[in-house]
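Engineer: My questions are about this predicted structure, shown below with the sequence.
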Amino acid sequence: MLTTEKISWIQNEKTILQNICLQLMEGERIGIVGPNGSGKSSLLKVLSFLVEPTTGHIHFRDINVSGRVPLEIRRRISIVFQEPLLFNATVYENVATGLKFRGVPKQEVVRLVDMWLDRFQISHLVNQQARSLSGGEAQRVSLARAMILDPDILFLDEPFSALDVPTKESLITDLGQILESTCTTTVLVSHDFKDIIRLTERAIVLMNGQLAAEGSPIELLERQQSEQVEQFLSHWKKDRF
């Protein structure tokens with residue numbers, strides 16, 4: 001579905017990403033992990049067409065995407081960030097916004113909003129103002145707004161890092177069930193390898209902007225890795241073994 005060929009990204013004369021070759025299959029859930037400053041969020045921005053790579057190519061459904069990204073491709077992806085970017089409006093209006101921009105009939109908008117609020121267990125918030133929501137509630141609204149568009153790929157950039165542990169655990173459980181049932185192709189960036197284990201089938205470890213290891217989350221913990229990767233994964237290996 002999405003393939004990168006030797007992607008590099010240089011910003012302010014600093015190499016952020018270097019020679020990234022990655023293939024994302026339809027229905028696959030992949031995690032991106034690495035220490036702070038390794039390029040995780042930068043890679044997500046490149047993959048989701050928020051920034052253009054300095055060198056290399058990205059293919060989306062066999063289309064070589066470069067320069068100005070066609071609207072029909074942008075409409076096939078959804079992105080959720082660490083901080084929910086909600087409008088100063090009701091929960092209903094926030095979740096319905098994308099569908100309204102696309103000219104979806106009102107009756108269908110109502111049906112889909114009701115369905116996704118229910119799936120994220122926030123139906124009771126439908127008429128509440130977004131600015132009055134808790135952090136966990138706001139992130140559920142943000143995820144519902146992303147999923148209602150039926151994206152080809154869902155990009156998640158540290159969506160749980162601002163949440164307390166009980167709120168995070170509850171949201172990960174619900175989101176995991178939703179992604180499993182919808183078979184949504186997903187790219188998750190997280191600094192917590194436990195999130196990667198619970199929500200993805202394959203993970204890549206970035207070190208200094210380069211792909212340092214790749215495999216299923218369990219394989220990465222069980223197999224011997226390079227010294228840098230071993231050091232990064234040591235905390236979670238200790239917990240597991």
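Structural biologist: In hand now; what should we look at? Numbers count the residues shown, from 1 in each chain.
Engineer: List of residues touching the helix or strand hosting Asn94?
Structural biologist: Under the criterion of DSSP states H and E, Asn94 resides in helix 91-101. For helix 91-101, contacts defined as Cβ atoms under 8 Å, 6 or more residues apart in numbering pick out 86-87, 108-109, 112-113, 116-117, 122, 125-130, 133, 141, 144-145, 148-149. For the C-beta atoms, the positions are set from N, CA and C on the backbone; glycine is no exception.
Engineer: What's the first helix or strand after that helix?
Structural biologist: helix 106-119.
Engineer: Now do that next one against helix 91-101, angle only.
Structural biologist: Between helix 106-119 and helix 91-101, the angle comes out at 130 degrees (axes from the mean of the first three to the mean of the last three Cα atoms, to 10 degrees).
Engineer: how far is the helix or strand just after helix 106-119 from where the chain is centred?
Structural biologist: Following helix 106-119 in sequence order, the next helix or strand is helix 135-147 (DSSP H and E). Relative to its parent chain, helix 135-147 has a centroid offset of 13 Å by Cα atoms, centre = their mean, to the nearest Å.
Engineer: pLDDT score for the residue lying farthest from the centre of the chain?
Structural biologist: Most distant from the centre of the chain: Gln107, at 29.3 Å, with distances by Cα atoms, centre = their mean. pLDDT, Gln107: 96.
Engineer: do you know how far it is from Ala144?
Structural biologist: 19 Å (Cβ to Cβ, to the nearest Å).
Engineer: Next: Val165.
Structural biologist: 22 Å.
Engineer: ok so Ser180 is a helix residue?
Structural biologist: Slight slip there: residue 180 is Glu, not Ser. Yes. Under DSSP: H, G, I helix; E, B strand; the rest coil, Glu180 falls within a helix.
Engineer: Assign the residue nearest the centre of the chain to one of the three secondary structure states.
Structural biologist: The residue lying closest to the centre of the chain (Cα atoms, centre = their mean) is Leu156, at 1.8 Å. Following three-state DSSP, Leu156 is assigned to strand.
Engineer: Over to the one 10 residues further on?
Structural biologist: At Pro166 the chain is in helix, as set by three-state DSSP.
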